[in-house]
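Chemist: Next input, structure requested:
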Amino acid sequence: MKTAVVTDTASYLTPEQIKKYNITVLPITVILGDKQYKETEKLTDQKFYDYLRNEPELPTTAQVSMGQIQQAYDRLVDEGYDTIISIHLSLGITSFMDNLRMFVKDYDKAKVYPFDSMAASAAEADLVMLAGTLAQKGIDPEKIISELKDLRDSTHILFAVNDLKHLSRTGRLSNHSAIIGSLLDVKPLLTFKDGKIFAIAKERTMHRAFKMISTEIQKYVEQHPDWKLHITIVDSNNREMLTKWTEDFEQTFPMARISQSHLGPAISVHTGEKTMGVVWDKDFENEN
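Modeler: Sure, this is the predicted structure:
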């Protein structure tokens, strides 16, 4: 049995990670006005953020098509894979997973395991990298799925946006009453719950958002004293703040493995620019 791992660009794996874990990554389409771009292939971050700041027509996205999925799966079958674990953006913010589950019912060239990350960005990436690690070791796919569920259950996400207008406009915010945060000088703090995005608090500054997130991580550490902790700091074109938060987390949680990631266009369409987020979970590289 030979197992392949497939994901989408919302995981924002680096080229080095894609190669190391042998991952097939399918691009989400980003639409700027009358032009369409495959994320990471034809659209640079600078071009996207310039458009976001300067153009009146806001960008949108289109999910990975089943045609792209079939082409990728067929190629993997031709390369000798008979099992595919396909990990993607949360069903709570896109209908893609429902479409994929329907597609694989009729796909008979390989055994496909669709897996809902119930998140995006670094949380999705951690699941993909764990699956890649286990697949390369020849672990049974059913066992890989079990390990993925365990990691997913251990994952927590908090992120702060400059305002909620993008999430509200694209319909990705589940508790719409929280939109009042966009009318005030606050940094709305959001999380994923059951794969959907909810606003849970409003902080006046990114520094206060950082302090609240740190407090939540400390509670997590106290609740799971035997777990090795992995913290990933994520930014949306906010590199200076990314560096600051990384340094602060390294000092606050010296026992943790600290990583960085960036939100690209497909997710920044919904969060806007200058978003800061943190993902923390049981370290898939060093489980105790």
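
Chemist: Tell me where the stretch 51-200 of the chain has helices.
Modeler: 66-78, 96-105, 121-136, 141-154, 165-169 (DSSP state H, counting those that start in this stretch).

Chemist: Of all the residues in the longest one, which ones are buried?
Modeler: It refers to helix 121-136. 121-135 (16 or more other CB atoms under 10 Å). Every C-beta, even on glycine, is put in place using the N, C-alpha and C of the backbone.

Chemist: sorry, back to before: show me the least confident stretch of the helices of the stretch 51-200 of the chain, going by mean pLDDT.
Modeler: Among the helices of the stretch 51-200 of the chain, helix 165-169 carries the lowest mean pLDDT, at a mean of 65.

Chemist: ok, the closest residue in space to residue 201 that isn't next to it in sequence - contacts?
Modeler: Distances taken as CB to CB, 6 or more residues apart in numbering put residue 189 closest to residue 201, at 4.2 Å, once the chain neighbours are dropped. Applying CB atoms under 8 Å, 6 or more residues apart in numbering to residue 189 gives the contacts 158-160, 199-203, 209, 212-213.

Chemist: Just the buried ones from those residues?
Modeler: Applying 16+ other CB under 10 Å to the contacts of residue 189 flags 158-160, 199, 201-203, 209, 213 as buried.

Chemist: Pick the one among the residues you listed closest to residue 77.
Modeler: Among those, residue 159 lies closest to residue 77 (CB to CB), at 37.3 Å.

Chemist: for the chain, what spans make up the strands?
Modeler: Taking DSSP state E as the test, the strands found in the chain are 3-8, 23-26, 29-32, 35-38, 60-62, 83-88, 111-116, 156-160, 187-193, 196-203, 229-235, 257-262, 276-282.

Chemist: Show me which positions of the shortest one end up buried.
Modeler: If I follow you right, that is strand 60-62. Applying 16+ other CB under 10 Å to strand 60-62 flags residue 61 as buried.

Chemist: returning to that earlier point: out of the strands of the chain, which is the most enclosed?
Modeler: Mean neighbours per residue, mean count of other CB atoms under 10 Å, is largest over the strands of the chain for strand 3-8, with a mean of 27.

Chemist: okay, the angle between that strand and helix 141-154?
Modeler: 40 degrees (axes from the mean of the first three to the mean of the last three CA atoms, to 10 degrees).

Chemist: just checking, what packs against strand 3-8?
Modeler: strand 23-26, helix 66-78, strand 83-88, helix 121-136 (3 or more CB pairs under 8 Å, 6 or more residues apart in numbering; DSSP states H and E).

Chemist: mind checking how far it is from the chain centre?
Modeler: Relative to its chain's centre, strand 3-8 lies at 15 Å (CA atoms, centre = their mean, to the nearest Å).

Chemist: I'd say residue 121 and residue 12 touch.
Modeler: Yes - at 5.8 Å, residue 121 and residue 12 qualify as touching, with contact defined as CB atoms under 8 Å.

Chemist: Look up the residues that both of these two are in contact with.
Modeler: 261, 263, 267.

Chemist: Select the helix or strand of this structure having the lowest average pLDDT value.
Modeler: helix 165-169 (a mean of 65; mean pLDDT, DSSP states H and E).

Chemist: and the lengthiest helix in the chain, what's its mean pLDDT?
Modeler: Identified as the longest helix of the chain according to DSSP state H is helix 206-223. For helix 206-223, the mean per-residue pLDDT is 95.

Chemist: Name the residues of it that are buried.
Modeler: Going by neighbour count (16+ other CB under 10 Å), the buried part of helix 206-223 is 206, 208-210, 213-214, 216-217, 220.

Chemist: Can you name the residues that contact residue 259?
Modeler: 122, 230-233 are the contacts of residue 259 under CB under 8 Å, 6+ apart.

Chemist: Please report the distance of residue 249 from residue 192.
Modeler: Noted for residue 249: a distance of 20 Å to residue 192, by CB to CB, to the nearest Å.
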